[in-house]
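K.L.:
Here is a sequence together with a model predicted from it:
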Amino acid sequence: MLKHIDSSELSQRGFMDLARESDHQLILKDRYDPKWPSPAERRSAPPASLAACLQRRLDAEHLEELPPSVSETNEDWEYLANRLRRTHDFHHLVFGLPDTVAGEAVASAYYARRYRSPGALAVMTTWIAHGLIQPAENQLIWRCVEFGIQLAHELQISLLSVRWEEKWDQSLIAWREQLGVSRLLERSPLAEHQSQWMPAQSA
C-alpha cells in the first residue's frame, strides 16, 4: 500500500515542493549518498556514537539498513523519498523513539506535518486506529501524535537535509544538541526511551 501511495501524484507533488525548499537544495544538488560503514565497523565505533547506537538498535530489533538513496530515474522527488526512508532510523535515535506503535506515531506525525507526506498520514491513521482497538494505549498514542506535530512545527532544521554520515563518531547526545532537539525532548511522552540505545555509562 505504502509503495503505491509514495509513488502517487500527490506524494510526488509533496516531495517536489520539498525540493524547492532552500533546506534541501544542497543535498539534492550533490545527490548526497555516501557509503555507510559496515555493521562490524559500526559496532567498533565509540560506544556513545551515532554509528554504535544505530547498530545497537539494528541488532536488537533484527533490522538491516535500507538501500542507498539514489534512484535509477534520478528524479528529485524520488531521491528525497528514498533519502527519507534510508535515514528513518537516525530520526528514531535523535527523537528517542522506541520501535512501538507510540514511537512510530511520533515519527509518522512529524513526517505528515513537516513533509506533507500522504504515506505518513496513512500510517498515522493506523496507529490511531490501534489506540481505539487497544484502549490502554489510546491516550499515549494521541499524545505522541501531538508531540510529532510539535516537533515538525518547532524544530528549525529539516532532518531530511542533515548529512548524518559526515559525523558517524559524534555522540548521539551531541547530535541532539547540534540539531536543537534536546530542549524539545524535555516534553516527550516517551522520555524514558531516550537513552535506550546508548551505552549504560552514557544513559
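P.N.:
Received, thanks.

K.L.:
For the rest of this, base every contact and every neighbour count on C-alpha atoms.
P.N.:
Will do.

K.L.:
Using CSV, list the CA coordinates for stretch 147-166.
P.N.:
Only the C-alpha atoms of stretch 147-166 are listed here, as CSV (Å, rounded to 0.1, in the frame of the first residue of the first chain):
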residue,chain,number,x,y,z
PHE,A,147,4.3,15.6,20.0
GLY,A,148,5.3,14.7,16.5
ILE,A,149,3.3,17.6,15.1
GLN,A,150,5.0,19.9,17.7
LEU,A,151,8.5,18.6,16.6
ALA,A,152,7.6,19.4,13.0
HIS,A,153,6.4,22.9,13.9
GLU,A,154,9.2,23.9,16.3
LEU,A,155,12.3,22.1,15.1
GLN,A,156,14.2,24.6,12.9
ILE,A,157,16.2,22.2,10.8
SER,A,158,14.8,19.7,8.4
LEU,A,159,16.1,16.2,9.3
LEU,A,160,15.9,15.4,5.6
SER,A,161,18.7,18.0,5.0
VAL,A,162,21.1,16.5,7.6
ARG,A,163,24.3,14.9,6.4
TRP,A,164,24.4,12.3,9.1
GLU,A,165,27.2,10.3,7.5
GLU,A,166,29.7,13.1,8.0
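
K.L.:
residues of it that come out buried?
P.N.:
Neighbour counts using 16 or more other C-alpha atoms under 10 Å place 147-152, 159-161, 164-165 of stretch 147-166 among the buried residues.

K.L.:
any idea of the mean pLDDT in that stretch?
P.N.:
Throughout stretch 147-166, pLDDT has a mean value of 97.

K.L.:
gap between that stretch and the chain center?
P.N.:
Computed by C-alpha atoms, centre = their mean, to the nearest Å, the chain-centroid distance of stretch 147-166 equals 8 Å.

K.L.:
Also stretch 67-79?
P.N.:
That offset, for stretch 67-79, works out to 18 Å (C-alpha atoms, centre = their mean).

K.L.:
And for stretch 145-165?
P.N.:
Distance of stretch 145-165 from the chain centroid (C-alpha atoms, centre = their mean) equals 8 Å.

K.L.:
what residue is smack in the middle of this structure?
P.N.:
When C-alpha atoms, centre = their mean is applied to the chain, the residue found nearest the centroid is H91 (2.8 Å).

K.L.:
Confirm that that residue sits in a strand.
P.N.:
No - per DSSP: H, G, I helix; E, B strand; the rest coil, H91 lies outside any strand segment and is helix.

K.L.:
who's in contact with it?
P.N.:
Listed by C-alpha atoms under 8 Å, 6 or more residues apart in numbering, the contact partners of H91 are 107, 159.

K.L.:
before we move on, back to that, which of the buried residues of stretch 147-166 lies at the shortest distance from W175?
P.N.:
W164 (9.1 Å; C-alpha to C-alpha).
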